[in-house]
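Visitor: Need the 3D shape of this:
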Amino acid sequence: MITEEELAKEFRDLVNRYYPKTGQILQRCCVKVITTHWGRPLRRVQYVGIYCPEEVIDLVSIELDALRDIAENMGLEQVICRNANRLLRDPLSKIKQTEPRFWLELHWTISRDES
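Guide: As a prediction, the model looks like this:
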């Protein structure tokens, strides 16, 4: 079975191949494939989560249709775009406790953009 990390890498590779300018923008973002279960009966759903610094979220939002097209062709349900800065500043967020590695990836994404 293909892991979520491999799917995220394949998604990035396809974006770089078919939309190189969008691929350059995604270099500044954290891209994850997320698996969840939804519906009755429960159905496995996978989608792409793109966590962007504030400075590039508008650029990614413009290219969302192209990104959704790639995700759909890969068999993924949807592409969502989230503001990483806002997510890290949220005082009620439990990401640091529940997913410390992802929390560090988000910090790295934001700090990489500032330099």
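
Visitor: contacts, neighbours, all on C-alpha from now
Guide: Will do.

Visitor: Lowest average confidence across helices and strands of the chain, where is it?
Guide: Lowest mean confidence among the helices and strands of the chain (mean pLDDT, DSSP states H and E): helix 100-114, at a mean of 84.

Visitor: could you pull out the strands for the protein?
Guide: For the chain, strands defined by DSSP state E occupy the ranges 30-38, 43-52, 79-83.

Visitor: how about the ones you listed in CSV, adding mean pLDDT, mean neighbour count and distance to Glu6?
Guide: Output for these, formatted as CSV (pLDDT from 0 to 100; neighbours: other CA atoms under 10 Å; distance: least, CA to CA, whole Å):
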stretch, mean pLDDT, mean neighbour count, distance to Glu6
strand 30-38, 93, 16, 9
strand 43-52, 94, 19, 12
strand 79-83, 95, 17, 16
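
Visitor: Distance to Asp13 added to these, as CSV?
Guide: Listed next are the strands of the chain as CSV, based on distance: least, CA to CA, whole Å:
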stretch, distance to Asp13
strand 30-38, 12
strand 43-52, 14
strand 79-83, 16
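
Visitor: so which of the ones you listed comes closest to Leu104?
Guide: Nearest to Leu104 among these is strand 30-38; the distance by CA to CA comes to 10.8 Å.

Visitor: on contacts alone, who are the packing partners of that closest one?
Guide: helix 4-18, strand 43-52, helix 100-114 (3 or more CA pairs under 8 Å, 6 or more residues apart in numbering; DSSP states H and E).
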